[in-house]
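Engineer: Starting from these lines, generate the structure:
(chains A, B, C, D, E, F, G and H)
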Protein chains: 8
Amino acid sequence: MSPNQLKNMLEQVANGTLTVQNALSQLKHFPTDTIQQQGQTIAQLDTHRELRHGFPEVILAQGKKFAHLNAITSRALNHKRNLLITRIGKKRAAKLLANHPQLTHHPLPRCVTWQPTANQPNIGLVAVLCAGTSDLAVAEEAALTARMLGAQVETHYDAGVAGLHRLLAASTLLQTARVFIVVAGMEGALPSVVGGLVDRPVIAVPTSQGYGASLGGIAALLGMLNSCASNVTTVNIDNGFGAGYVAALINRTSMP
Amino acid sequence: MSPNQLKNMLEQVANGTLTVQNALSQLKHFPTDTIQQQGQTIAQLDTHRELRHGFPEVILAQGKKFAHLNAITSRALNHKRNLLITRIGKKRAAKLLANHPQLTHHPLPRCVTWQPTANQPNIGLVAVLCAGTSDLAVAEEAALTARMLGAQVETHYDAGVAGLHRLLAASTLLQTARVFIVVAGMEGALPSVVGGLVDRPVIAVPTSQGYGASLGGIAALLGMLNSCASNVTTVNIDNGFGAGYVAALINRTSMP
Amino acid sequence: MSPNQLKNMLEQVANGTLTVQNALSQLKHFPTDTIQQQGQTIAQLDTHRELRHGFPEVILAQGKKFAHLNAITSRALNHKRNLLITRIGKKRAAKLLANHPQLTHHPLPRCVTWQPTANQPNIGLVAVLCAGTSDLAVAEEAALTARMLGAQVETHYDAGVAGLHRLLAASTLLQTARVFIVVAGMEGALPSVVGGLVDRPVIAVPTSQGYGASLGGIAALLGMLNSCASNVTTVNIDNGFGAGYVAALINRTSMP
Amino acid sequence: MSPNQLKNMLEQVANGTLTVQNALSQLKHFPTDTIQQQGQTIAQLDTHRELRHGFPEVILAQGKKFAHLNAITSRALNHKRNLLITRIGKKRAAKLLANHPQLTHHPLPRCVTWQPTANQPNIGLVAVLCAGTSDLAVAEEAALTARMLGAQVETHYDAGVAGLHRLLAASTLLQTARVFIVVAGMEGALPSVVGGLVDRPVIAVPTSQGYGASLGGIAALLGMLNSCASNVTTVNIDNGFGAGYVAALINRTSMP
Amino acid sequence: MSPNQLKNMLEQVANGTLTVQNALSQLKHFPTDTIQQQGQTIAQLDTHRELRHGFPEVILAQGKKFAHLNAITSRALNHKRNLLITRIGKKRAAKLLANHPQLTHHPLPRCVTWQPTANQPNIGLVAVLCAGTSDLAVAEEAALTARMLGAQVETHYDAGVAGLHRLLAASTLLQTARVFIVVAGMEGALPSVVGGLVDRPVIAVPTSQGYGASLGGIAALLGMLNSCASNVTTVNIDNGFGAGYVAALINRTSMP
Amino acid sequence: MSPNQLKNMLEQVANGTLTVQNALSQLKHFPTDTIQQQGQTIAQLDTHRELRHGFPEVILAQGKKFAHLNAITSRALNHKRNLLITRIGKKRAAKLLANHPQLTHHPLPRCVTWQPTANQPNIGLVAVLCAGTSDLAVAEEAALTARMLGAQVETHYDAGVAGLHRLLAASTLLQTARVFIVVAGMEGALPSVVGGLVDRPVIAVPTSQGYGASLGGIAALLGMLNSCASNVTTVNIDNGFGAGYVAALINRTSMP
Amino acid sequence: MSPNQLKNMLEQVANGTLTVQNALSQLKHFPTDTIQQQGQTIAQLDTHRELRHGFPEVILAQGKKFAHLNAITSRALNHKRNLLITRIGKKRAAKLLANHPQLTHHPLPRCVTWQPTANQPNIGLVAVLCAGTSDLAVAEEAALTARMLGAQVETHYDAGVAGLHRLLAASTLLQTARVFIVVAGMEGALPSVVGGLVDRPVIAVPTSQGYGASLGGIAALLGMLNSCASNVTTVNIDNGFGAGYVAALINRTSMP
Amino acid sequence: MSPNQLKNMLEQVANGTLTVQNALSQLKHFPTDTIQQQGQTIAQLDTHRELRHGFPEVILAQGKKFAHLNAITSRALNHKRNLLITRIGKKRAAKLLANHPQLTHHPLPRCVTWQPTANQPNIGLVAVLCAGTSDLAVAEEAALTARMLGAQVETHYDAGVAGLHRLLAASTLLQTARVFIVVAGMEGALPSVVGGLVDRPVIAVPTSQGYGASLGGIAALLGMLNSCASNVTTVNIDNGFGAGYVAALINRTSMP
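Structural biologist: Just a heads-up that it's a prediction; the model follows:
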């Protein structure tokens, strides 16, 4: 329901062409597309989200039973909008593509996508940097997300702080990107170093890479939250999607 | 042993028709039904619990070896009372039903039940809400438990706080239920929002859904314990059973 | 704004006696009473809460600067409704009473109250039990809250699990209360034992009493969340207020 | 040293008017202004930061001995640029102002500032929302920081999720701000709710408000990191400064 | 090397029949029996431990590669003393028994034993109690250990605090045992209750039974460490062996 | 109430000289001595504890308001039995002695005691060892407790594992004590080393001494729970009292 | 690029034989060897590390997809330098050796190595001690690493603190090694004891061996960080590689 | 007792000029200097430590009562050796100097020292770097310790990773020091960056500087333990002393 539709509806109430009761009904039922299985609601697709956020609903596959995931996907495909499914393993992706051959599987970032309409050209520039080869999956999830949401993306990988020259080699990217996504596991120091080199927002993504006292990424997360660089904000461990989403948002806002 | 039986017994001691020794024996052995395997006690069914609590013993399958679970189930079935077995996986449920075909398996909430006698009609109204599709299993465990214990239950699923209109669509349920069970993973914010909208008790159930800094549900649990809504109490992570149990208790008490 | 007032307003919109713009204004500004200091909003009293929850706004003194606390109290007193201020230390309470002599200070539970109108007689029965003398402050906060919200309350203190006969001495209370608040620090075992003895809801309140591995009440909190008694729900550490609030809610609901 | 100066210097090396040795010396010593006390370096002011970041150096007062803080402030004042000192208590601020009367003290956000030059008009719109009166200090630190760095700021306080109408009352602000700072303690749910309502970046600031299981703000922090709203990133507990800094950065970037 | 042997040796040094060099050699090499594989020492059997502790070396199977475990077992069997192998899974136990048919496997407590010599009759009385059927494996490990080390053992299982009469049914055992081992998962309250009922030492064993906020047994462990009963000491989570060992030690010491 | 008194009472019920009602009353009220202040019960002295445990009630001063502590002490003194008050600071002890001059203050272990009757000679031998001078207060609390409860105690202090010869100097004590209390902060390694040297029970007491990653004694506590010596059990951080209590219990039991 | 090469290049800039532009290009691209797969950079081999650190790049296999690991290995082999791959499981090692038969697999320390050139004789002496047989894998990883990096290494295993004579048997090694690596799980006390016996640096390696409150090695790690021996530093849990690396560094530095 | 003295004594036992009994006595009592107060041993000075470690005993003031600290200091001064007292506050230092005017107080590193004999010239080079002005106290404790133990020390302060040029300005120090101490709070990234730039050992010291999610230095500690630079080992939070001690040890060992 667009803002105009909403305004029209309220005016209809005012001029009597719409009863209070009917207005309530429309407001209540419109913005979600309810999905049921065996008589039970399993999901409410938030079809207003695109209006509110400018992006289609994204489906987090993890934690959903396959039957539920499949039903939600089917319904989402009906809306014929760009679709992004995240955190989906190889086997479940294959099963999903068997049912919905129009989908594309991206194994490294563990995503499935569909882009039914010709895209507008991507805009701006989001930089995605990561510290080690082990962080690639999360970095690619961030890059794919930002691209799906309309941003141009450039990546620079395996640039950990213990070999600074590998980072400094990306000086052009450091000078031109509008927003930075910096992915790192272990001690998670890379976002602080990048944050000190650039004057634009840095979104830090801790990864669960490491062992022992890395505590599944908590060490990197804490490092990033305590960054001595003032331009760093942080998302959840391994949350490449969230970083890509916010980066695309900032990138889009910053277009001249 | 009913309160009357107890009073009778003490009076028998008083009037000499029961010796002290015999009274002690009765008191000691009556309220439990001891189960043995290979000469070793493995469980003591608490047959008094129904008297004390109004509900039959519930069997937590998790952590029990199958041989033990099976023996305890057999004995419980002998008592011909409603029976609820929780946290039982697909394979063990199948094995148990092979031995006891009268049982019913509920795969989503991972429960097994038996209702040997015609139920009285369920009463009152317990609302079960959950934040995302991934929380369904826990929500369904809560709903099934409350129904087994005599409550009418209505559910409203996938109503996370990031799309408030999905929650507000349940306004009738919000106004009529006597007690609310609110199930949420990730940041666990839904109980606070529901708590602010209703003037009845809200039982919050954190789930282990999420990743990284969700710490297996600890994030949601802490969020619920710190709720700024005063009518919220909390149970253990994924403890749909406990929430359903207490909700049924409150619901039953509140009957006119 | 009562439900009837709301309905009237919507009907006025429908019959044209109220413009959309004016309706929005009323809906926006009515339910809160905004408090400012030096041109800055410091609080929005939720004057609708009583309609929604049946109880007046409660003020958490902790964390508020005294100037803010004082201003909020002044405004709340204007509403001439029962008022409960929690977590207020001795010095700040004295300072507040100097400004507002109609208030009453309760030093043990660290509360300040005002009851401007003749109370209806309190109803039902809420039992408050605690494990040790050190838990008294929290137990009294729970009892005072429940009384302020209309419940009859009976207390039974210093009944820790290491001396069970001290608990069993309260057998009459155990049999008659509609809902139980059980306060305990250290290992927090008392709610489980009480929960096994009664067939009504038990609200467990962990306290920060203890030292070393009590971790400021975390040990007790975890114990309560893992209670083997099914009728136990839990609130935050030292949250006597929350327990009293929910208990009063359940107690009120359960009136015939 | 401006980029042009740097380019000139390298060209001088190339055409022989500058020796390698001298170039190294300039490069090494220029960008920091070293401060010594009793023959010992205590700080290196990063005078290049403004070039790199567009903002002057900010001084974190917490953890610094007063003698060190005072010396660093004196030197910073020499640069005659805008200055922001954060996390400074009442007593230390008074002592600092006694030495440097040109400074201004802001007691609520615990900051000291100096704005020697006529400011350009502030631009854009940063919204600062907070959940409760207790979170005001952190929210004001964020607002002051963003203003110092050139942003227009509007605030909306005491809008916790347990009274949603208090948040919805800010609908104009929700529709017009370019970036949101959302400050909350306890369960930290407000950023998720705001994130669901707007399509611009939300910077979540957990506060240490709360008690018991709030764990000094860890509960709120975890809630925000696990937000189900995709447009939320998070900074450290009580880090109003960091949030204001990044918000100003995004706000500035997004100017047409 | 017995105390007498040691005294003799020192006297030989004193009277010159043993050189200093030779004495050092004897002292250095005697008390351990070194085991090598492929030229590398993998273990040093502590053959003096029986002298020092009165019990044979016990082998913790967990964490050892099978080849190492097998080699250590072979060597230990050569000493023809009672042997106890703990924390050994079904498959590895079968493989070990195939190599060493004289061994006996105890699947529930996950132990393997050998008792080559006729035992002296076991003495005293150690009571092993556990809270739920799920705690049986740990309780049985404790009981088996105490029996292997010479104690008479009596068990009383499934006596959780939510059904106190099940515990009180063991009143004879409560009055006669010299030392108590109390095994419990979840909230771990049973040792406190038993500790309040008896005037002898209680060794509390937390188990990893439970889910969510049980944190793999940490909740039970913290509960036991904070026990309000003064006669309770605690061992590691699931450490039935340690509890059985200390109980046997106390039981033996207390023999008249 | 002695066991004989209890048997007599039950026989009176049997022969009609005592009504059921009266028997219940006696059983209910006898074993506790209830203390009230301002019409409110603040404590129930467990006067049966001596019968059950052989030791008088001990008062934990920490966490009790002084008025409550004082009232409980007065009542306890009426019973004219040995009395031990633990965790009492210097100022509160002075105030308590001013009211009750018969008490003795022990500043280092922060205890107050009264021994009204000529003691029987202390028996057995409890060894108290500690790792560093900073652990003395806890070690002395353990020693005083064990002495109050009838044990002979010998101490050996400042014997940390980084200077093993300091420990080995106590070889006589290591060979003769019946039970060991080993107090250590920081890494808490001393109990493991002592445990390897002796064949009697070792009670490990972690202390909160240390800084940083000692986490207030958690590091030492974890070290002790994971001891590779099988004869070690553990009590709470800084719980010298608990260790002294259990050691006295074991020491007494082991008397011929 | 050797230091001399760098100096030459800068001099060429100075005398005009190299343009600024070309100098930048050389500096930017030289020190890394970039590896791509499917058009995407997956790793940047740090070929300067040997210059800077004196050792070849080491590959951490854990967390890398096999395709990436294989590609990186291929490129590294081209450099014909000593190569060490750590944390590689049995199956992946076999697959890697199938592709690169010149590699050697070390199953116990989970490493793969290649030594293409005749080694110089190893120097100095690094001692590797471990507490139990279960810690062997980590100890061997440390020993292999130190040997690969040029150190002579001697090992002494299964020398836990609960049997001190097993440690003291290594007195010659204790007196002659230049640096000590001490590996221990459970309570992690061995480094403190060794640290007290020697006057050279001790590198403590906690292992994840243990269960329950060992928290996957956190208990041992905390113990080592809190060591009362002043000559102990610590590396991450199970980080045998890191310990071996630093030990070789110290050992090499200490050569006359 | 020197090695020669020990050899002599054993030879005397062998040739009969020393009885076994007397030898034991000498060995038992010699290496410690026992300090008593009011008949109680409070400390055992480890006078052999210098022989074993090459450095005098160091006194950790924190956690010791002043009377104990004073007595230990008096005794240590008798030995007329270099003395270092760490973690002593301003007031206690003044009190100690009043009693022992020969001592010197160092307020920033919170140490007290005495150097009775003309020092040999300090040798080698230890670099101490720190990230921010707030870390100075810990860095100075490290520097003072290393100097007291015979090392030349050079410092470079306020060189955090968010302004890399401040670190690179210390290039000469980075190339010449034999061992590095790197002190950092907040995210603790500096040791990783330094570790990547140098080929000698780096000792990382986390500080408790920071707030919120710095968790009192745990964030920095975890970052350092997870460093991606292989030449980094770590000591406890704020443990400047430990870092200085080990650095001096390595520095001394590495002398030609």
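Engineer: Could you report the separation of residue A:15 from chain H?
Structural biologist: For residue A:15, the distance to chain H equals 54 Å [Cβ to the nearest Cβ, to the nearest Å]. For every residue, glycine as well, the C-beta is placed using N, CA and C.
Engineer: same deal with residue A:187?
Structural biologist: 4 Å.
Engineer: residues contacting the closest residue to that residue other than its chain neighbours?
Structural biologist: Of all residues not flanking residue A:187 in the chain, residue H:223 sits nearest, at 4.0 Å (Cβ to Cβ, 6 or more residues apart in numbering or on different chains). Contacts for residue H:223 (Cβ atoms under 8 Å, 6 or more residues apart in numbering or on different chains) come out as A:187, A:188, A:189, A:219, A:222, A:223, H:187, H:188, H:189, H:192, H:206.
Engineer: Next secondary structure after the host helix or strand of residue H:223?
Structural biologist: Assigned by DSSP states H and E, residue H:223 falls within helix H:218-225. Next in sequence after helix H:218-225, counting helices and strands by DSSP H and E, comes strand H:232-234.
Engineer: Could you see whether chain A lies near that next one?
Structural biologist: No - residues of strand H:232-234 are not located near chain A by Cβ under 8 Å from any Cβ of the partner chain, the shortest gap being 9.1 Å.
Engineer: Quickly check: that strand near chain G or not.
Structural biologist: Yes - counting by Cβ under 8 Å from any Cβ, chain G is contacted by strand H:232-234 at H:232, H:233, H:234.
Engineer: what about that strand, average pLDDT?
Structural biologist: Averaged across strand H:232-234, pLDDT comes to 97.
Engineer: Over to stretch A:120-136?
Structural biologist: Mean predicted lDDT for stretch A:120-136 stands at 91.
Engineer: Endpoints of that stretch, how far apart?
Structural biologist: End-to-end distance for stretch A:120-136: 27 Å, by Cα to Cα, to the nearest Å.
Engineer: can you check stretch A:170-188 too?
Structural biologist: 19 Å.
Engineer: just stretch A:91-110 next, same as before
Structural biologist: One end of stretch A:91-110 sits 11 Å from the other (Cα to Cα).
Engineer: Now do the buried residues in it.
Structural biologist: Using 16 or more other Cβ atoms under 10 Å in any protein chain shown as the test for burial, stretch A:91-110 gives A:92, A:93, A:96, A:100, A:103, A:106, A:108, A:109, A:110.
Engineer: Ok, stretch A:140-154 next?
Structural biologist: A:140-151, A:153.
Engineer: Can you give me the end-to-end span of that stretch?
Structural biologist: So stretch A:140-154: terminal residues 11 Å apart, Cα to Cα.
Engineer: give me the residue from the stretch 1-150 of chain A nearest chain E.
Structural biologist: residue A:63 (15.5 Å; Cβ to the nearest Cβ).
Engineer: Please name the residues that touch that residue.
Structural biologist: Here residue A:63 is in contact with B:132, B:133, B:134, B:185, B:209, B:210 (criterion: Cβ under 8 Å, 6+ apart).
Engineer: The residues you listed: which two are farthest apart?
Structural biologist: Greatest spatial distance in the contacts of residue A:63: B:133 and B:210, 13.4 Å, computed using Cβ to Cβ.
Engineer: List the buried residues of the helix or strand hosting residue A:129.
Structural biologist: Under the criterion of DSSP H and E, residue A:129 resides in strand A:123-130. For strand A:123-130, the neighbour count (16+ other Cβ under 10 Å) marks A:124, A:125, A:126, A:127, A:128, A:129, A:130 as buried.
Engineer: Over to stretch A:205-221?
Structural biologist: Buried positions in stretch A:205-221, judged by neighbour count with 16+ other Cβ under 10 Å: A:205-221.
Engineer: ok, and does it reach over to chain H?
Structural biologist: Yes - Stretch A:205-221 comes into contact with chain H (Cβ under 8 Å from any Cβ), by way of A:210, A:212, A:213, A:214, A:215, A:218, A:219, A:220.
Engineer: and that stretch, does that touch chain G?
Structural biologist: Yes - counting by Cβ under 8 Å from any Cβ, chain G has neighbours in stretch A:205-221: A:209, A:210, A:211, A:212, A:213, A:214.
Engineer: Pull the distance from that stretch to the chain's centre.
Structural biologist: Its chain's average C-alpha position is 21 Å from that of stretch A:205-221, according to Cα atoms, centre = their mean, to the nearest Å.
Engineer: Send me it as PDB with only the CA atoms.
Structural biologist: Extracted in PDB, the C-alpha atoms of stretch A:205-221 (Å, rounded to 0.1, in the frame of the first residue of the first chain):
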ATOM      1  CA  VAL A 205      31.700  -7.800  10.400                       C
ATOM      2  CA  PRO A 206      33.200 -10.200  12.800                       C
ATOM      3  CA  THR A 207      33.500 -13.800  11.600                       C
ATOM      4  CA  SER A 208      33.500 -17.100  13.600                       C
ATOM      5  CA  GLN A 209      36.800 -18.000  12.000                       C
ATOM      6  CA  GLY A 210      39.400 -19.000  14.600                       C
ATOM      7  CA  TYR A 211      39.600 -21.400  17.500                       C
ATOM      8  CA  GLY A 212      40.000 -21.600  21.300                       C
ATOM      9  CA  ALA A 213      39.800 -18.100  22.700                       C
ATOM     10  CA  SER A 214      38.100 -16.800  19.600                       C
ATOM     11  CA  LEU A 215      35.000 -18.100  21.200                       C
ATOM     12  CA  GLY A 216      33.200 -18.500  17.900                       C
ATOM     13  CA  GLY A 217      33.700 -14.900  16.900                       C
ATOM     14  CA  ILE A 218      33.100 -13.200  20.200                       C
ATOM     15  CA  ALA A 219      36.700 -12.100  20.300                       C
ATOM     16  CA  ALA A 220      36.500 -10.400  17.000                       C
ATOM     17  CA  LEU A 221      33.100  -8.900  17.800                       C
END
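Engineer: tell me the mean pLDDT for it?
Structural biologist: 95.
Engineer: quick check, that stretch touching chain E?
Structural biologist: No - contact between stretch A:205-221 and chain E is absent, the nearest approach being 13.8 Å (criterion: Cβ under 8 Å from any Cβ).
Engineer: Could you pull up the contacting residues of the residue of chain A found nearest chain D?
Structural biologist: Chain D sits closest to residue A:233 of chain A, with a gap of 3.8 Å, by Cβ to the nearest Cβ. Applying Cβ under 8 Å, 6+ apart, we find residue A:233 in contact with A:201, A:202, A:203, A:204, D:203, D:233, D:234, D:235, D:242, D:243, D:246.
Engineer: Most neighbours among those, which one is it?
Structural biologist: residue D:234 (34 neighbours; other Cβ atoms under 10 Å in any protein chain shown).
Engineer: Return the distance of it relative to residue D:225.
Structural biologist: Note on residue D:234: its distance to residue D:225, by Cβ to Cβ, to the nearest Å, is 5 Å.
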